[in-house]
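[1] A predicted structure for the sequence below; I have some questions about it.
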Amino acid sequence: MDEDQLDLTFQALASQARREILATIRANPGCNLQLVAAQFEMSRIGVMKHLDVLEAANLIVSEKVGRERSLYFNAIPIQQIHEMWTDEYSRSFAGRLTRLKLNVEKERSKP
């Protein structure tokens, strides 16, 4: 994930309304704009603008079915961020635990 995509993802998730819209889509795979808009006290245009931001960040995928768009949650960008940030720390932590284990074993083996 490049820095621009990372910025888009964090900007999309920074809005409480967009997080709630994302949760609605996640709970209702294949839902449409009408279902999503009915859950919020904002205009349909407002919901559409939030959906555009979420789609630009690749957090939702839309599929055109006739005149409507079916909306689906895409967890991949969130998973990539998780892996990018936790893998580095996991390796570091695992290395420290290994050194601690070796030191404890050395101490135990001393008479």
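    All right, it came through fine. Residues are numbered from 1 along each chain as shown.

[2] need the contact list for the most centrally placed residue in the chain.
    Centroid-nearest residue in the chain: residue 78, 2.7 Å away (criterion: C-alpha atoms, centre = their mean). Counting by C-beta atoms under 8 Å, 6 or more residues apart in numbering, residue 78 touches 9, 59. For every residue, glycine as well, the C-beta is placed using N, CA and C.

[3] That one is in what secondary structure piece?
    Here residue 78, judged by DSSP states H and E, is contained in helix 76-109.

[4] Return the set of buried residues in that helix.
    Using 16 or more other C-beta atoms under 10 Å as the burial criterion, the residues of helix 76-109 that qualify are 77, 81.

[5] Tell me where the model's unsure across this structure.
    Along the chain, the parts satisfying pLDDT under 70 run over 88-89, 91, 111.

[6] Report how many residues lie close to residue 71.
    25 (other C-beta atoms under 10 Å).

[7] these two touch, right, it and residue 22?
    No. Residue 71 lies out of contact with residue 22 (C-beta atoms under 8 Å); the separation is 9.8 Å.

[8] overlap in contacts of these two?
    Common neighbours of residue 71 and residue 22 (C-beta under 8 Å, 6+ apart) are residue 60.

[9] Surely residue 9 and residue 57 touch.
    Yes. If you go by C-beta under 8 Å, residue 9 and residue 57 touch, sitting 4.7 Å apart.

[10] Now for the two: what residues contact both?
    The overlap between the contact sets of residue 9 and residue 57 (C-beta under 8 Å, 6+ apart) consists of residue 77.

[11] In which helix or strand does residue 26 reside?
    Here residue 26 is assigned to helix 16-27, by DSSP H and E.

[12] Show me what the following helix or strand past that helix is packed against.
    Once helix 16-27 ends, the next helix or strand along the chain (criterion: DSSP H and E) is helix 33-38. If you count contacts as 3 or more C-beta pairs under 8 Å, 6 or more residues apart in numbering; DSSP states H and E, helix 33-38 packs onto helix 16-27, helix 44-56, strand 68-73.
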